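Peer 1: after the sequence you'll find the predicted model.
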Amino acid sequence: MFLKIAHRGASAYEPENTIRSFERAIEMKAEMVEFDVRQSLDGRLVVIHDAKVDRTTDGKGPVSEKTLSGLKELDAGKGEKIPSFEEALDACAGKTRLVIELKENGIEEKVLSAINARGLKDDVFIVSFNRSRLRLVKTLDPGIRTGLILFASVDPISLAERCGADAVAPFRWFVTKGFVEKARSRGLYTFTWTVDDDGKARALRDMGVTGIVTNRPDILAAG
């Protein structure tokens, strides 16, 4: 199966990392929804990509210097609010599977606790550019699936294996049929990002890539 993974939800159409964006992705039949997790000043998990709120909301300043209630006062686009991690999980549970990117250290246990409390372990990949985070996740819960994101590497497959990852996700420029076949032979899923062009998506599908991260979950709608 070729997976279309909605990047921060249907972010080509709706404000990224919002419930509205996730719901739109689900409507567009995305097989998975991807979103980013950070921690607020009061230790709550929140869904936002950047370390600061400036780009995606009408506020300013670091996420880590604002409480959850303070973050909830901001407009994340079209009147949407920054979701808590729990709200994002609940919006997607039973409707699609999830790719959850850890954006900072120290949140691994809380993320796993929320996932397991909802029985979502089998529907989740936890991913990161940071190998130590993935190693910690696997130490805490060896059964959860993880994926290593990276831009480029001489040997991305070995890097993924060394941190116990189940998937390897290099930038699309570096994906070849040989790479996909080698990863598969080593038992790894292959994801790549960010693919919004139908032709590129089709080529990657033909190479055997497990899934693409896309801002357009309706990509390849015509087949």
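Peer 2: Nice, thanks for sending it over. Numbers count the residues shown, from 1 in each chain.
Peer 1: would you map the helices across the protein?
Peer 2: For the chain, the helices defined by DSSP state H cover 19-27, 68-72, 85-92, 108-117, 131-140, 156-162, 177-185, 198-207.
Peer 1: run through the chain and note the low-pLDDT ranges.
Peer 2: By pLDDT under 70, the weakly predicted segments of the chain are 222-223.
Peer 1: can you tell me how far Val111 is from Asn130?
Peer 2: Here the distance between Val111 and Asn130 works out to 13 Å (CB to CB, to the nearest Å). Where C-beta positions appear, they are placed from N, C-alpha and C, glycine not excepted.
Peer 1: higher neighbour count, these two?
Peer 2: Just comparing Val111 and Asn130: by other CB atoms under 10 Å the higher neighbour count belongs to Val111, 23 against 16.
Peer 1: show me what the closest residue in space to the more buried one that isn't next to it in sequence is bridged to.
Peer 2: If you skip the residues right next to it in sequence, Val111 has Val37 as its closest partner in space, 6.1 Å away by CB to CB, 6 or more residues apart in numbering. In this entry, Val37 is beta-bridged to Val47, Leu102, by DSSP bridges.
Peer 1: coming back round to it: as CSV, the helices of the chain with distance to Pro62 would be great.
Peer 2: Formatted as CSV, the helices of the chain follow (distance: least, CB to CB, whole Å):
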stretch, distance to Pro62
helix 19-27, 22
helix 68-72, 11
helix 85-92, 18
helix 108-117, 19
helix 131-140, 19
helix 156-162, 30
helix 177-185, 36
helix 198-207, 35
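Peer 1: right, and Ser153 touches Arg162 too?
Peer 2: No: contact status for Ser153 versus Arg162: not in contact, 11.3 Å apart, counting by CB atoms under 8 Å.
Peer 1: for Leu140, grab the count of nearby residues.
Peer 2: Neighbourhood size, Leu140 [other CB under 10 Å]: 13.
Peer 1: which residues touch it?
Peer 2: When contacts are counted by CB atoms under 8 Å, 6 or more residues apart in numbering, Leu140 touches 108-109, 112.
Peer 1: possible to save those as TSV with neighbour count and distance to Lys121?
Peer 2: Putting the contacts of Leu140 into TSV (neighbours: other CB atoms under 10 Å; distance: CB to CB, whole Å) gives the following:
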residue	neighbour count	distance to Lys121
Glu108	23	14
Glu109	12	14
Leu112	18	8
